[in-house]
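**Q** Just need the structure, nothing else, for what follows:
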Amino acid sequence: MDDPSSLLFIVDFLIQAEENFLFEPTINPIEFTIQIGCILLGLFFSALFSGSEVAFFSLSNQEDLLTEGDIEGTADRLIVRMLEQPRQLLATILIGNTFANIIASVLAAVVAGNIMAYYGLGEFLVYLIEVIVLTFMILILSEITPKIIAINNPLKATRRMSRFIYTFFILFKPLSKLIASSTLSLEERLPKLTSKMTSEDIMTMAEVSEQEGSIKSDEREIIENVIEFGSTTVREIMTSRVDIVAISMGNSLDEVLSLIRKEGLSRMPIYENDLDNILGVIHSKDVLPYINSDIERTTINWRTIARKALFIPATKKLDDLLRDFQQEKTHIAIVVDEYGGTEGLITLDDILEEIVGDISDEYDEDEDKLYTKFKSGVYIFDARIDLDDMEDILDRELTSDDDQYETLGGLVYHLTERIPNVGERVYYKNLELTIHSVQNNRVRKLRVKVQDRPASSKEHQQTKE
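**A** Sure, this is the predicted structure:
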């Protein structure tokens with residue numbers, strides 16, 4: 001035995017025997033079964049915790065569904081008790097779910113290692129299969145399926161799992177309270193995320209809701225009008241100076257009554273000499289006491305019954321003007337330019353129409369339409385028509401935010417830079433605009449034809465028929 005070669009032989013023999021007999025990889029059926037059972041149990045517990053998370057917090061704003069009982073320990077009382085501490089409840093559920101997933105994952109790794117050693121499979125292949133299978137089982141069996149079941153009937157699911165969750169609610173109380181307080185402290189130190197919803201987001205939501213049938217098209221239009229309301233200026237919707245119906249200080253009672261009957265207006269401005277010198281506003285009801293008098297001989301000092309007029313700039317926003325109407329308790333305002341001259345007039349009806357659309361009454365029945373369409377596809381437009389309305393009619397873009405005009409007449413003046421003649425043609429964005437009528441140096445109507453092809457550079461020049 002003192003021979004070194006003999007000693008080496010014995011050592012080599014023992015090593016080979018150890019490798020061939022003592023440490024030959026084997027799979028113990030009992031241990032393997034226990035490990036598989038523990039993996040399935042971990043997945044089952046994970047499923048219970050995942051489902052309870054959805055079930056409990058689906059009832060967070062529906063406590064009225066829970067029956068109030070006086071017996072201590074009933075399911076509903078346990079549910080209410082846990083929902084009173086939502087952070088601790090959530091921490092308890094997440095702790096239990098995390099432990100269950102960790103146990104299942106660790107045991108799955110042990111099983112995969114034993115299989116790899118027993119069959120001599122490649123390490124990468126075995127662990128890849130383990131990760132895929134375990135991920136699939138956790139997602140399907142422990143996350144998605146229990147949450148779907150719980151959300152379909154949260155009250156029933158919560159009552160069934162209340163005692164199970166309450167047990168861990170008590171066991172994990174020290175740890176869950178520590179986690180809840182730590183997250184609360186961390187939340188207070190983190191910067192607040194400000195997620196502001198823009199007007200474009202609201203309009204997109206309205207469009208999607210209309211497509212899904214949640215709201216009607218007219219409701220969507222009202223929502224969009226309200227959003228755009230604050231950015232709309234008085235100049236965009238006011239009645240122009242040339243269309244103002246007003247009373248002169250020199251008008252007789254008979255003339256004023258005739259004007260009221262003809263126009264059907266309840267409020268009209270009163271001026272002296274010209275519209276740049278407006279003294280106030282006459283209400284139709286203030287004239288009613290004089291109807292039974294001798295109309296032809298009765299003389300009224302209109303200044304005595306005129307009410308104070310509200311003067312505003314044309315750049316005022318509609319939301320600001322609406323507040324002015326409320327404060328001043330009036331329904332009409334005179335729009336003045338930078339030099340103090342009268343530029344137009346605006347009423348409360350104009351503002352409301354900007355939100356809900358056109359409002360017509362019995363006096364609007366005979367009002368001329370602002371456009372007429374012929375079978376040939378040609379339109380006759382009133383020069384007063386708003387370009388935004390014209391865009392909707394022709395289904396094409398005509399304006400931009402930089403434009404200084406609002407009406408079709410303003411567009412023509414901008415293009416020609418003068419008062420055009422009857423029959424003169426102007427080409428603009430595939431539209432052929434022909435002056436139909438001019439009255440008192442003012443374009444009244446235009447003939448509009450939509451061209452299928454872009455206008456050439458020569459056509460963009462003004463031509464006369």
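**Q** Can you give me the neighbour number for Asn421?
**A** Residues near Asn421, counting by other C-beta atoms under 10 Å, number 12. C-beta coordinates here come from the backbone N, C-alpha and C atoms, glycine included.
**Q** Over to it: give its phi and psi.
**A** Backbone torsions of Asn421, given as degrees, to the nearest 10, read phi -100, psi 160.
**Q** Can you tell me how far it is from Ser199?
**A** To Ser199, Asn421 is 44 Å away according to C-beta to C-beta, to the nearest Å.
**Q** Check Val110 too.
**A** With distances taken as C-beta to C-beta, Val110 is found 58 Å from Ser199.
**Q** Equivalent analysis for Leu265, please.
**A** Going from Leu265 to Ser199 by C-beta to C-beta gives 35 Å.
**Q** Could you do Met268 as well?
**A** Using C-beta to C-beta, we find Met268 at a distance of 37 Å from Ser199.
**Q** Also Ala157?
**A** Ala157 is 41 Å from Ser199, by C-beta to C-beta.
**Q** Also Thr183?
**A** 35 Å.
**Q** what do you get for Ile140?
**A** From Ile140 to Ser199 the distance is 42 Å (C-beta to C-beta).
**Q** before we move on, what SS does Ile300 have?
**A** coil (DSSP: H, G, I helix; E, B strand; the rest coil).
**Q** got the contact list for it?
**A** Applying C-beta atoms under 8 Å, 6 or more residues apart in numbering, we find Ile300 in contact with Leu253, Tyr290.
**Q** try 6 Å
**A** Taking C-beta atoms under 6 Å, 6 or more residues apart in numbering, we find Ile300 in contact with Leu253.
**Q** Met268 and Ser199: which is more packed in?
**A** Legend: neighbour count by other C-beta under 10 Å for Met268 and Ser199, higher for Met268 (20 against 13).
**Q** What about Ile144, how many residues nearby?
**A** Ile144 is flanked by 13 other residues according to other C-beta under 10 Å.
**Q** before we move on, what about the one 4 residues further on?
**A** Around Ile148 there are 11 other residues, counting by other C-beta under 10 Å.
**Q** Just confirm it is within a helix.
**A** Yes. Secondary structure of Ile148 (three-state DSSP): part of a helix.
**Q** how close does it sit to Ile244?
**A** 66 Å.
**Q** and what of Arg307?
**A** Applying C-beta to C-beta, the value for Arg307 to Ile244 is 17 Å.
**Q** between these two, who's got more neighbours?
**A** Counted by other C-beta under 10 Å, Arg307 and Ile244 do not tie: Ile244 has more neighbours, with 19 against 14.
**Q** Correct me if wrong: that one contacts Thr347.
**A** No. Applying C-beta atoms under 6 Å as the test, Ile244 and Thr347 come out as separate, 11.2 Å apart.
**Q** secondary structure class for Gln156?
**A** Rather than Gln, residue 156 is Lys. Per three-state DSSP, the secondary structure class of Lys156 is helix.
**Q** ignore the last one, Val438
**A** strand.
**Q** For it, give me its contacts.
**A** So Val438 contacts Val422 (C-beta under 6 Å, 6+ apart).
**Q** Quick check, pLDDT for it.
**A** pLDDT, Val438: 84.
**Q** hey, what's it bridged with?
**A** Bridge pairing for Val438 (DSSP bridges) gives the partners Val443.
**Q** Give me the distance between it and His283.
**A** Taking C-beta to C-beta, one finds Val438 at 36 Å from His283.
**Q** now swap in Thr330 and tell me
**A** With C-beta to C-beta as the criterion, Thr330 and His283 are 10 Å apart.
**Q** Now the common contact residues for these two.
**A** Residues touching both Thr330 and His283 (C-beta under 6 Å, 6+ apart): there are none.
**Q** and Gln85, how far is that from Pro313?
**A** Gln85 is 58 Å from Pro313, where distance means C-beta to C-beta.
**Q** Which of those two has more residues huddled nearby?
**A** Neighbours were counted for Gln85 and for Pro313 using other C-beta under 10 Å; Gln85 has more, 16 against 13.
**Q** Enumerate every residue touching that one.
**A** Taking C-beta under 6 Å, 6+ apart as the definition of contact, Gln85 has no neighbours.
**Q** Go again with 8 Å.
**A** Applying C-beta under 8 Å, 6+ apart, the residues contacting Gln85 are Ala180.
**Q** Distance of it relative to Lys177?
**A** 9 Å.
**Q** what does Ile151 give?
**A** Using C-beta to C-beta, Ile151 is found at 28 Å from Lys177.
**Q** what do you get for Glu207?
**A** Relative to Lys177, Glu207 is positioned 47 Å away (C-beta to C-beta).
**Q** before we move on, what about Ile385?
**A** Separation of Ile385 from Lys177 (C-beta to C-beta): 70 Å.
**Q** tell me the helices in the stretch 1-150 of the chain, going along the chain?
**A** 4-17, 29-58, 75-83, 86-119, 123-137, 145-152 (DSSP state H, counting those that start in this stretch).
**Q** So for Phe374, which of the ones you listed sits nearest?
**A** helix 145-152 (59.3 Å; C-beta to C-beta).
**Q** any idea of the angle that closest one forms with helix 29-58?
**A** Counting by axes from the mean of the first three to the mean of the last three C-alpha atoms, to 10 degrees, helix 145-152 points 30 degrees away from the direction of helix 29-58.
**Q** pLDDT weak spots in the stretch 251-400 of the chain?
**A** Counting by pLDDT under 70, the stretch 251-400 of the chain has low-confidence residues at 293-298, 359-368.
**Q** can you do 50?
**A** In the predicted model of the stretch 251-400 of the chain, residues 366-367 satisfy pLDDT under 50.
**Q** Let me see the domain layout of the chain.
**A** Using automatic domain parsing, the domains assigned to the chain come out as 29-189, 199-228, 233-359, 371-464.
**Q** First-to-last residue distance for the first one?
**A** Across its full length, domain 29-189 reaches 53 Å end to end, with C-alpha to C-alpha, to the nearest Å as the criterion.
**Q** chain center to it, what's the gap?
**A** Taking C-alpha atoms, centre = their mean, to the nearest Å, one finds the center of domain 29-189 at 36 Å from the center of the full chain.
**Q** Rounded mean pLDDT for that domain, please.
**A** 80.
**Q** Between Ile385 and Lys177, which has more neighbouring residues?
**A** Comparing Ile385 with Lys177 by other C-beta under 10 Å, the one with more neighbours is Ile385, at 21 against 15.
**Q** any idea how far Gly280 is from the more buried one?
**A** 31 Å.
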